[in-house]
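Participant: the following block contains a protein sequence and its predicted model.
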Amino acid sequence: MNSWLRVIWVLLVLLPFTTSAYAADAKKGPPTDKQMIDSAMSAAPAKVSKGATIVAMEADGKMRTLRQGTNGFTCMPDNPATPGPDPMCMDKNSMEWVHAWVAHKQPVPGKVGFMYMLAGGTDASNTDPYAAKPEPNNHWVKTGPHIMIVGADASFYDSYPKGANPDTSMPYVMWAGTPYQHLMAPVK
C-alpha cells in the first residue's frame, strides 16, 4: 500500500507532499505529528476523522502512519506546496479507485467510494484526469469544501451537469466521459 499511496498523493495534489515542503519556511520549520494529524482530521467530519488512519509522506518519499485507525478511512494532511488547502480523507473503495486512476487502469465497476475534502481542494482540470497545470483547453476549476463520490455506475452521473466549465457551487461531474468521472458536491 505504501508505494501506491505515495503516488496517489503526488497526483492528487500535483506536487509531492513532503515534510521538507514545510521546511521552506525557516520560521515555521517542519510540522509536528500533531499538526499533521490536526490538518488531516480537518478533511472529514470529526466522527469520521477520529477513527481514521492518518498518514503523511516523509521527505524520502515513504509513507509514515502517524496514527492507526479503526474505521476504514485514511486521511492525509494538507500539502503546503499547493495553492489551496487540500487535506483529504477517503474510504477503502476510494483508495482502490484512485489506485486505478494512477495506474491508468479501469476502476472496478460498482465499487462506490466516498471522499471528503472539507477544507477545500487544490485546483484541477475538470476535463483531463492527468493535467498538471492550467492550459487553454483543460478547463481548470477552483473548488472549495466538497465531497466526492467515485466508482458509481455511469448512469448515476447522468443526473448531474457534465459541462467543461461547471458551476462549482453545485454538484457536477469532474472528468466526465472518462473511466475516472466522479461527482463533486460542494458542502458549506
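Facilitator: That came through fine.
Participant: show me the shaky parts of this structure.
Facilitator: 1-28 (pLDDT under 70).
Participant: in it, which spans are helices?
Facilitator: Ranges of helices within the chain are 2-13, 19-23, 33-41, 46-49, 92-102, 154-157, based on DSSP state H.
Participant: and the third one, what does it pack onto?
Facilitator: Helix 33-41 is packed against strand 53-57, strand 63-67, strand 74-76, with contacts defined by 3 or more C-beta pairs under 8 Å, 6 or more residues apart in numbering; DSSP states H and E. For every residue, glycine as well, the C-beta is placed using N, CA and C.
Participant: now those strands as TSV including mean neighbour count and distance to Gly110?
Facilitator: TSV is the format used below for the helices and strands packed on helix 33-41 (neighbours: other C-beta atoms under 10 Å; distance: least, C-beta to C-beta, whole Å):
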stretch	mean neighbour count	distance to Gly110
strand 53-57	22	25
strand 63-67	15	28
strand 74-76	26	21
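Participant: could you dump these into CSV with distance to Asp123 added?
Facilitator: What follows is those, written out as CSV (distance: least, C-beta to C-beta, whole Å):
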stretch, distance to Asp123
strand 53-57, 21
strand 63-67, 24
strand 74-76, 18
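Participant: those strands: which one's closest to Gly113?
Facilitator: Between Gly113 and the helices and strands packed on helix 33-41, the tightest spacing by C-beta to C-beta is seen for strand 74-76, at 11.5 Å.
Participant: for the closest one, packing partners?
Facilitator: Partner elements for strand 74-76 (3+ C-beta pairs under 8 Å, 6+ apart): helix 33-41, strand 53-57, strand 88-90.
Participant: I figured Val150 was touching Val108, is that so?
Facilitator: No. The pair Val150 / Val108 is not scored as a contact, 10.9 Å apart, by C-beta atoms under 8 Å.
Participant: shared neighbours of those two, anything?
Facilitator: Shared contacts of Val150 and Val108 (C-beta atoms under 8 Å, 6 or more residues apart in numbering): Trp97.
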